[in-house]
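S.K.: My questions concern the predicted model and sequence given below.
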Amino acid sequence: MRQRQYRKRATSVLALLGSLLSLVAAGQEPTAEYIDELAARAMERFQTPGIAIGVLKDGELVYAAGHGVRDIRYDDPIDVDTIFQIASLTKAFTTAALGILVDDGKLHWDDRVIDHLPEFRMYDPWVTREFTIRDLLTHRSGLGLGAGDLLFWPKQVSTRKEVVKAIRHLKPETSFRTAYAYDNLLYVIAGELLSAVSGMPWEDFVEKRIMAPLEMSDCRALPSRVSDNDNRATPHMLVEGKLQTTFFSGGGATAAAGAVNCNVAGLAKWAAVHLAHGALPDGSRLISEETHADLWQPVTLIPVDDLSRDHGRTHFIAYALGWGLKDFFGYLYVSHSGGLQGMTTYIALLPEKNIAVIVLTNQFSRAYRAVASGVLNSYVSDTPADWVEIFAQSDAEISGDAEREVEEAFGNRDAESKPSLPLAAYAGVYSDRWYGDVIVEQDDDGLLMLFSRSELMTGPLEHFQYDTFVARWRDRSLLADAYATFSLGADGSVESITMRPVSPQTDFSYDFQDLDLRRVAE
């Protein structure tokens, strides 16, 4: 019954797409000079050291080039073979891998997760019982945005089994299947389910059943499998307006959510198989046409943002199985972005035009969206917009609003207030059921907070007001300072800590607000 209802909804949305075709204007193929200039402008505007771009049209790579450098400390250039961490572009590899198992007859999209992974539990027992594989992949679980990401972000030490065990303690923010909220942890669960069904670790399955048939010889399913001597891009962050290199993040625990490392050359082959609806160049199939159609069926509706509506003529946005869907100047637009510390990536396809664009960058910015939008806009409209400026202005507005909010909070605080207790009284071990321990120590300079799963999450606690402090992480490239509020019990002693980001611009994977840190008795 669920399957029939789902297909009826999906068909109605795709019918809407068909009615929008009258909005399409005839476009022209962008020249190499235009794309070169677009890349140069984006790099300058977003202070991005390197960009690799690939454009696929009718099965041919009509544009492939690298711009800039792999690392600002050296002169090694970016090229089409440069390896990037592609982050959440990995999610489509996970759904394709599950699709292969669907074709093998080993599972179905609407199988219950507990039937394949009995140890799986959500917070609500009813949700656990009803949770399907499709639910793992479509961000409609009821969990909040990025819930539980601190288990592995930015460079936390967790295992996949710990993720499976932890998710049962995360409380939902909305009802099951009623709202969109992007997550990573459920893709980790999907990878564990794939391993349980196939008898093969996720990374081995992806390399054997996807990368090998596509001859993606330079791509790897895990960052640990990329040689240090490879042609590899270094991540960069803007810290207080200055560009600097930063650490490589991501690892084995988050493999199915964002661990693939690849380049333009490899991703062009990946895009080609999707434009061919699952067919390989020799006529054989990676996945069946029916299963590929499932990957692009909309499941979870997403509110249309102003930028997409005003500049892309977008009327709907939805999430399918590892892919985002929307209409763009009347055409179906299939895409996904990826972001890790110091690196952002993008792949976008216009199936009706048989076009794909790949943009890989080694800086945490939206330069990738500006370039991809500019290229694809050229194909579908005679009057393409200035997407570099559109995204740059949007970023400036977002940053300005965030800065004003932080300034207002600090301007309105009671700066004369004092903590309720001596600083030594706040020191101790605090534990959260899904995360584990956070330690507060006192040293000669005051209080220090340390997250047990990551040395990066260490920093002094600066008094804000009353019993609220601000954790200032020593690694300033994290851009994730957080309020830490201590709560006192009836006897006047400290009982717990709640946290939240200081800036609304803090990456959602710093889900401090999901922590419920209770003091551990000595």
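M.R.: Received it, and whenever you're ready, just let me know what you need.
S.K.: So for stretch 474-486, mean pLDDT?
M.R.: Across stretch 474-486, pLDDT averages out at 97.
S.K.: and that stretch, which residues are buried?
M.R.: Burial within stretch 474-486, assessed by neighbour count using 16 or more other C-beta atoms under 10 Å, is assigned to 475, 477-484, 486. No exception for glycine: its C-beta is placed from N, CA and C like everyone else's.
S.K.: which ones are touching the closest residue to L107 other than its chain neighbours?
M.R.: In space, and not counting its chain neighbours, L107 is closest to L101: 5.1 Å by C-beta to C-beta, 6 or more residues apart in numbering. Going by C-beta atoms under 8 Å, 6 or more residues apart in numbering, L101 touches 107, 194, 197-198.
S.K.: any idea how far L101 is from C262?
M.R.: 22 Å (C-beta to C-beta, to the nearest Å).
S.K.: And F391, by the same measure?
M.R.: Taken as C-beta to C-beta, the span from F391 to C262 is 24 Å.
S.K.: For stretch 187-204, buried residues please.
M.R.: 187-195, 197-198, 200-203.
S.K.: Let's verify V102: helix, strand, or coil?
M.R.: helix (DSSP: H, G, I helix; E, B strand; the rest coil).
S.K.: give the contact list for the closest residue to it other than its chain neighbours.
M.R.: Once flanking residues are discounted, V102 sits nearest to T291: 5.3 Å by C-beta to C-beta, 6+ apart. Residues near T291 by C-beta under 8 Å, 6+ apart: 99, 102-103, 278.
S.K.: same deal with W296?
M.R.: Shown in contact with W296 (C-beta under 8 Å, 6+ apart): 320-321, 323, 325, 334, 351.
S.K.: same thing with R453?
M.R.: R453 neighbours (C-beta under 8 Å, 6+ apart): 150-151, 156-158, 435-436.
S.K.: Kindly report the same for G342.
M.R.: Contact analysis of G342 by C-beta under 8 Å, 6+ apart lists 234-237, 245-247, 249, 362-364, 477.
S.K.: and it, how far is that from A396?
M.R.: Taken as C-beta to C-beta, the span from G342 to A396 is 21 Å.
S.K.: For A65, what are phi and psi?
M.R.: For A65, the backbone dihedrals are phi -160, psi 150 (criterion: degrees, to the nearest 10).
S.K.: Not counting sequence-adjacent ones, nearest residue to it?
M.R.: What sits nearest to A65 in space, not counting adjacent residues and going by C-beta to C-beta, 6+ apart, is I53, at 5.9 Å.
S.K.: same thing with S420?
M.R.: Sequence neighbours aside, D467 is the residue nearest to S420 in space, at 5.4 Å (criterion: C-beta to C-beta, 6+ apart).
S.K.: Ignoring the adjacent residues along the chain, who's closest to R134?
M.R.: Nearest to R134 is W109, by C-beta to C-beta, 6+ apart, at 4.6 Å.
S.K.: Could you measure from that neighbour over to T291?
M.R.: Counting by C-beta to C-beta - W109 and T291 are separated by 9 Å.
S.K.: Return every residue with contacts to both of the two.
M.R.: Both W109 and T291 are in contact with V102, where contact means C-beta under 8 Å, 6+ apart.
S.K.: before we move on, which element is M499 in?
M.R.: Applying DSSP states H and E as the criterion places M499 in strand 494-501.
S.K.: how about that strand: buried residues?
M.R.: Neighbour-count burial for strand 494-501 flags 494, 496-497, 499, 501 (criterion: 16+ other C-beta under 10 Å).
S.K.: Alpha carbons of it, in PDB - could you do that?
M.R.: Taking C-alpha atoms only, strand 494-501 is exported to PDB below (Å, rounded to 0.1, in the frame of the first residue of the first chain):
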ATOM      1  CA  VAL A 494      25.900  22.100  38.900                       C
ATOM      2  CA  GLU A 495      23.800  19.400  37.300                       C
ATOM      3  CA  SER A 496      24.000  19.800  33.600                       C
ATOM      4  CA  ILE A 497      25.200  21.700  30.500                       C
ATOM      5  CA  THR A 498      23.200  22.700  27.400                       C
ATOM      6  CA  MET A 499      24.900  24.100  24.400                       C
ATOM      7  CA  ARG A 500      24.100  26.000  21.200                       C
ATOM      8  CA  PRO A 501      26.100  27.700  18.400                       C
END
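S.K.: Can you tell me what sits against the following helix or strand past it?
M.R.: Using DSSP H and E, the helix or strand that directly follows strand 494-501 along the chain is strand 517-519. The contact list for strand 517-519 (C-beta under 8 Å, 6+ apart) reads 428-432, 438, 494-499.
S.K.: any idea how far G142 is from I317?
M.R.: Distance of I317 to G142, computed by C-beta to C-beta: 20 Å.
S.K.: Low-confidence bits of this protein, can you list those?
M.R.: Scanning the chain for pLDDT under 70 picks out 1-27.
S.K.: 80 instead, please
M.R.: Applying pLDDT under 80 to the chain flags the ranges 1-28, 228-230, 250-251, 384.
S.K.: Give me the residues contacting stretch 405-418.
M.R.: In contact with stretch 405-418 (C-beta under 8 Å, 6+ apart) are residues 463-466, 502-504.
S.K.: Kind regards, and thank you for your time.
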